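In: Here is my input, please return the structure:
(one chain, ligands or ions: 1)
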Amino acid sequence: MIKKYLPWLLVAAFIIIQFFQIDRTNPSYEKTKDFFANTQVPDDMKMAITNSCYDCHSHEVSYPWYTYINPVGWWVKGHVNEGIGKLNFSEWTNYTTQKKQQKLGECADRVEATEMPLLPYIIAHSDARLTEKARADLVAWFNKQATK
Ligand code: HEC
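Out: From the prediction side, this is the model:
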């Protein structure tokens, strides 16, 4: 009995979860608080950080088409919420000097360990993938900032 209806139940469940869409709007924030507005950042570093980190660590998140399909949307939103909670470049000035340095040091560590950007993200965004050189440059730059 259950076996007969299971595929239909799964289809129904899939349809129903589509009605619980994630919030794809970015909260408004003061641009003057952003990391880039308060730090001297060379162009290549700025591009790397924007392309590889801002989709999870800022209020400038862009949500691709597949985030309209649950449970993918929920999964992506989970990463964004968690990422912003830990490190938010858009509210950079809210951190104390000590906290900023600590976060920058962690940025260097996480990028060096190839933990950031997250693997599923670089699979979906080939432009966010860091070459060996870009990774090394970014790590060196973050480390330098962390000790300023
Ligand atoms: C797809 C989303 C995503 C992208 C893109 C991403 N991160 Fe993350 N990041 C996360 C999530 C989720 C966490 C929290 C879980 C964890 O610590 O692994 C996190 C945690 C961190 C932390 C730890 C902060 C703390 O205080 O614990 C640092 C540092 C960090 N990310 C730096 C970066 C940098 C630098 C980039 C770009 C090179 C980047 N991330 C790109 C999702 C992302």
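
In: Just the buried residues of stretch 115-135, please?
Out: By 16 or more other Cβ atoms under 10 Å, the buried positions in stretch 115-135 come out as 116, 117, 121, 122, 128, 130, 134, 135. All C-beta atoms are positioned from the backbone trio N, CA, C, and that covers glycine.

In: Can you tell me the closest non-neighbouring residue to the first one?
Out: The shortest distance from residue 116 to any residue that is not its chain neighbour, by Cβ to Cβ, 6 or more residues apart in numbering, is 4.1 Å, and that residue is residue 110.

In: How many residues are close by residue 7?
Out: By the criterion of other Cβ atoms under 10 Å, residue 7 has 9 neighbours.

In: Starting from residue 85, give me the distance back to it.
Out: 38 Å (Cβ to Cβ, to the nearest Å).

In: Repeat that for residue 68.
Out: For residue 68 relative to residue 85 (Cβ to Cβ), the value is 23 Å.

In: So for the two, which sits in the more crowded spot?
Out: Using other Cβ under 10 Å as the criterion, residue 68 and residue 85 rank with residue 68 on top: 13 against 9.

In: ok, now how distant is residue 96 from the ligand?
Out: According to Cβ to the nearest ligand atom, to the nearest Å, residue 96 stands 14 Å off from the ligand.

In: and if you look at residue 48?
Out: Residue 48 is 7 Å from the ligand, by Cβ to the nearest ligand atom.

In: That's all I had, so thanks and see you.
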